[in-house]
Structures are given as C-alpha cells and as structure tokens.
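**Student:** sequence first, then the predicted structure, then my questions.
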Amino acid sequence: MAQWAWRVRALWWKDWRHAGADMEPSLIRLRCEDLSADLGEEGLVVQEPAQCQLIRVDTIEDVVDLDADLPVLFLVHADLMEQVLVQLPMRAEVCQHGAPPALLRRRITQLLEADRRRIDPLTGLYTRRVFTEIANARLARARLDRSVSLIIIDIDHFRVLNDEHGHDVGDAVLAELAAVVTRNVLESDVAGRLGGEEIGVLLDGDVEHARTRADGILQDVRDEDFAGGLSLTACAGIVTLFQPSKISAALRSADEALYAAKAGGRDRGVHYHDLEVAAGDDSDLELQNFENLTRVISERVAHVIARRGRRLFRGLRDEADSDAVTGIHNRRYLDRRLDQDLALAMADGRPLTLALLDIDRFGLVNKKYGWPVGDRVLRAIATATARCVERCGWAARYGGEEIGIVLPDQTAEQALPILEGLRESLGEMDHSLREGGTFRVTVSIGAVQGPVQGGAERFWELVSEKTLQAKSEGRNRTVVAPP
C-alpha cells in the first residue's frame, strides 16, 4: 500500500483502484483541511465539500463534453496529450497518465493556487476577469432554443451607506449580498463580482425565467438583516441573449436596464426587453437610456453635494460650539442648550439640576507654574468632567476656570453622589510638570435643583451662590441646595 501525504488539501477518493502503474477511471475531490490519504485497494473516502476533480481521459470526448463546476486535473495518455491541450477548458490542467504521486501533488497544488486567484476575496465570487471569460464561452453557444441571461445586482444607495456607516460596514454588506446571491444560484449558474457593489449572475433561460430569478434575489435582499441591522434594497438589470454574443455587449445592455431600474425609483428589476418594447425603435431607446443615465448621475451628484454640505455645516457648527482651550462645549453652546433643556423640563414637569464647578486657587497655579501649565490643568479637568457626566448629562465651559454641568432628570438628591464622585476623582488627578514632578488641585461645586422661576439667568445666580458657599466653607467640597 502506498501512502500519499497531501499537505495542500484533504482528498476524497471515489472508486480508486491501484494496480501497478495503471489507474482506473476515478474522481478525486479536495476539501479545505490537511489529511494523509492512504492510496490502496479499498481507497479512502472523506466527506464533501469538494474543491477539485482528477479525471482520467480515455478519449478526447471526455474533455470536450465535460461541464465541470470545479477545477480539473486530467490524467492523459501520451498519445492524446496534444489533442487535450488544444481543447483544454478553463480551470483545468493536465498530467500524463501514470505520473508519480509527487508530480500529481505538485500539479494539484498549482491548479488550486491558480483557481484561488480567480476568486474575489471579499465576496467569495469569481473576479470580473474570470466571470467574463466564462460568460464569453457560455454566450458563444447562445441560440433561440438555448438562451442565456445576464443579471446585474446593485445595492441601492451604496455610496451613501459607505459614507454614513464606514467602509467596514460596506464591505460586510457586500459579503452578505454575495451570500444572498449564492443562495439563489443553481449549479449551472455562474456568479461573479463585476466591480464595486455590482454582482453578475449568468444563467440559462428565457426572459421570464430570468425576470423571476432576479425578483427572487431582490426579495431576499429586502428580507435580509444586513450588517449593523440595516435594511437594504437593490436593483437588477437583466438581458437575455438568443444568439451568439460577447459579454461586453451583454454587460452594456444589462447596465442600461439597471440604470432604468434606478431611474424608476430603485428596489426593482428591469429587463432590457422591456426597454426595447417601450422605445419602439433604436433612436428612442438610445434617448431613453441617455435620460436614465443622466437622471441617476444627477441624483448621485445631488446626494454628494448634500452630504458634503451637511458635513461642512456640522464641522462649522461643532467648531463654533467648542471651546478652544478645553475642547469641550463653550459658553455659547451652554446657554443655547440649557434654555432648551429647561423648557423641556418645565413642559414635562421633570427635575433638572444645574451645577457650577470652580477650580480652587487656580490663579496660584498660573502664577507658580505659568499659564501653559494652567491651560493643561484646565483642559484635563474639563475633559474628565465631561466624560464623568456624559451618561446622565453634559458639561460646558462657563468661563475662566469654571465649568457648567447640566443633569436633566436628576433631583438634587440624585445629583449629589454624582458630583461628589466627580470632585473626589478630580482631586486625585496628578498634573505633570515638564521639568519633572506632579501636583494636584481641588475643585468646589455648587448645585441647585430646578427648574426655577426667572429662567436661566436666575438659575445661574442661585448656583453661583452655592459655589461661593462651597469655597467659603473651606473649598474642595460640594454644596447642593434642596429643591
């Protein structure tokens, strides 16, 4: 018994018999895990899935009539080698019958490596180059009684999705779209990534069959729960060929049908045959295709301008609402949002606690260590304060070394442990000096539960009184007024 150690892929041997140098007709299947395969009288069986076929060729018809869905290594007698090489299909390689196991292993390894490069790594589908090669061979045999159809699937508003959710989510969506398409393809179909978010499916069948298959894919897209919980739709452009054609012409027609689907509102499929019937003659069809194209492009440009405008506006607004020294919200933002929160609290009868934090003896920090150090201390205190209260409220710079804290839906009793915890954590922060060493500062906090009569101005007066009380009582403390 000979033993072959296959380190590239595991093997499924079906009906293999070993008798000297002769090998009976056989089929070898490969799967994605390592395995040592015993080549003996009884053979070795390993479960699917398959990745490669090894087939002995007795006549040239064994090659010509083969319709394999996997890469194939042909075992060929020397007298047939020249004929086989001329007829060799894609995804196939040859090795002389009776070749030693080491050579077979090498050829299978090369075959699988070449086939791996034919697959798009993101979607697991064929690359555009491979898809077009297979499609050209299939379309060359199209005829009236054996029509071939092409479907192009395109996710609606995919560029917007990428901009709003990021390319990682976009990539995940594409992989999931490929999975949806794969679930819908038959063994005789071919699916490939054409580029970007477009996936092509080549199938046998007439206009209605292609339309039904496309509708099935689009429905599954609607039903799919995509990455991030997104619900998405897609368009399909379809064309059916009844005579020998090239993939370039089929792609052009399917693209025109796809643009018609997008121009018609998206979330639909359009067959090129429908465009031909509606147009009546070639000139009308060209005009309609141009109008669909310009409509979709204009819509995309409008989306791009609107998105960039919103992004620019948000950037300007954020810049206007941010304090240059501390990086948290500034007084302008504080006044505007406090008015809004107060109005909501009064309308709903809910509590709101307003606090004012003041860094103790901050003037001495500036005098002793310099203003740049003072700015770093203020920035560290402000950042830590905003982070501490972000789950139950928000913070903004009031002015100088003072920070305003707004706690919606918090009573004075509920706010006290929050503010005390903040005061204690700020007092334990070490602030570094460039020449070495560290120092600490404390803070005083005053707070009042509102809303109060007199609006925000009166509210601030009451809060300031409590902050001054905290300082006059020795600093490094929190004073909260009862409601």
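**Tutor:** Received it, and whenever you're ready, just let me know what you need. Residues are numbered from 1 along each chain as shown.

**Student:** and stretch 254-272, what's buried?
**Tutor:** By 16 or more other CB atoms under 10 Å, the buried positions in stretch 254-272 come out as 254-263, 266-272. Using the backbone N, CA and C atoms, a C-beta is placed for each residue, glycine as well.

**Student:** so of the residues you listed, which ones are in strands?
**Tutor:** 269, 270, 271 (DSSP state E).

**Student:** if I pick the residue nearest to the first one when sequence neighbours are not counted, what's in contact with it?
**Tutor:** The one in question is residue 269. Once its chain neighbours are removed from consideration, residue 269 has its nearest residue in residue 236; the separation is 3.5 Å (CB to CB, 6 or more residues apart in numbering). Contact criterion CB atoms under 8 Å, 6 or more residues apart in numbering gives 151-154, 214-215, 217-218, 257-258, 261, 268-270 as the residues in contact with residue 236.

**Student:** just residue 75 next, same as before
**Tutor:** Counting by CB under 8 Å, 6+ apart, residue 75 makes contact with 23, 54, 55, 56, 57, 95, 96, 97, 99.

**Student:** how about residue 365?
**Tutor:** If you count contacts by CB under 8 Å, 6+ apart, residue 365 has them with 359, 373, 374, 377, 441.

**Student:** same thing with residue 469?
**Tutor:** Here residue 469 is in contact with 446, 479 (criterion: CB under 8 Å, 6+ apart).

**Student:** remind me which helix or strand it belongs to.
**Tutor:** Following DSSP states H and E, one finds residue 469 within helix 455-472.

**Student:** circling back: between the contacts of residue 365, which sits nearest residue 117?
**Tutor:** Of all those, the one with the least separation from residue 117 (CB to CB) is residue 377, at 58.3 Å.

**Student:** which stretches of the stretch 1-150 of the chain form strands?
**Tutor:** With DSSP state E, counting those that start in this stretch as the criterion, the stretch 1-150 of the chain has strands at 2-6, 10-14, 18-19, 22-23, 27-31, 35-39, 53-57, 72-76, 92-96, 148-155.

**Student:** tell me which residue is most central in the protein.
**Tutor:** Note on the chain: the residue nearest the mean C-alpha position is residue 169, at 2.0 Å, using CA atoms, centre = their mean.

**Student:** helices or strands up against the helix or strand hosting residue 179?
**Tutor:** Under the criterion of DSSP H and E, residue 179 resides in helix 167-184. Helices and strands touching helix 167-184, by 3 or more CB pairs under 8 Å, 6 or more residues apart in numbering; DSSP states H and E, are strand 148-155, helix 158-165, strand 190-195, strand 198-204, helix 207-223.

**Student:** which parts of that helix are buried?
**Tutor:** The neighbour-count check on helix 167-184 (16+ other CB under 10 Å) flags 169, 170, 172, 173, 174, 175, 176, 177, 178, 180, 181, 184 as buried.

**Student:** try stretch 375-394
**Tutor:** Using 16+ other CB under 10 Å as the test for burial, stretch 375-394 gives 376-378, 380-382, 385-386, 388-389, 392-394.

**Student:** with those in mind, which one is nearest to residue 409?
**Tutor:** Distance ranking of the buried residues of stretch 375-394 against residue 409, using CB to CB, places residue 392 first at 7.9 Å.

**Student:** the residue lying closest to that closest one once chain neighbours are set aside: neighbouring residues, count only.
**Tutor:** The shortest distance from residue 392 to any non-neighbouring residue, by CB to CB, 6+ apart, is to residue 407 (5.8 Å). Counted with other CB atoms under 10 Å, the burial measure for residue 407 works out to 24 neighbours.

**Student:** quick one: end-to-end distance for stretch 140-148.
**Tutor:** The separation between the terminal residues of stretch 140-148, taken as CA to CA, to the nearest Å, is 10 Å.

**Student:** got a list of contacts for it?
**Tutor:** Contacts with stretch 140-148, where a contact means CB under 8 Å, 6+ apart, come from 138-139, 202-207, 240-245.

**Student:** redo that, cut-off 10 Å
**Tutor:** Contacts of stretch 140-148 with the rest of the structure, by CB atoms under 10 Å, 6 or more residues apart in numbering, involve 135, 138-139, 149, 202-207, 209-210, 239-247, 250.

**Student:** just the buried ones out of those, please.
**Tutor:** 135, 138-139, 149, 202-207, 210, 239-241, 245, 247, 250.

**Student:** what's the closest of the buried residues of stretch 375-394 to residue 74?
**Tutor:** For these, the minimum distance to residue 74 (CB to CB) is 69.7 Å, reached by residue 386.

**Student:** so what's that closest one up against?
**Tutor:** 326, 327, 328, 329, 393, 394, 395, 396, 397, 403, 405.

**Student:** which ones are touching the residue nearest to the centre of the chain?
**Tutor:** Residue 169 is in contact with 161, 162, 226, 227, 228, 230, counting by CB under 10 Å, 6+ apart.

**Student:** okay, those in JSON lines with neighbour count and distance to residue 103 next?
**Tutor:** Below are the contacts of residue 169 laid out as JSON lines (neighbours: other CB atoms under 10 Å; distance: CB to CB, whole Å):
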{"residue": "161", "neighbour count": "21", "distance to residue 103": "49"}
{"residue": "162", "neighbour count": "16", "distance to residue 103": "48"}
{"residue": "226", "neighbour count": "19", "distance to residue 103": "47"}
{"residue": "227", "neighbour count": "17", "distance to residue 103": "45"}
{"residue": "228", "neighbour count": "12", "distance to residue 103": "50"}
{"residue": "230", "neighbour count": "15", "distance to residue 103": "50"}
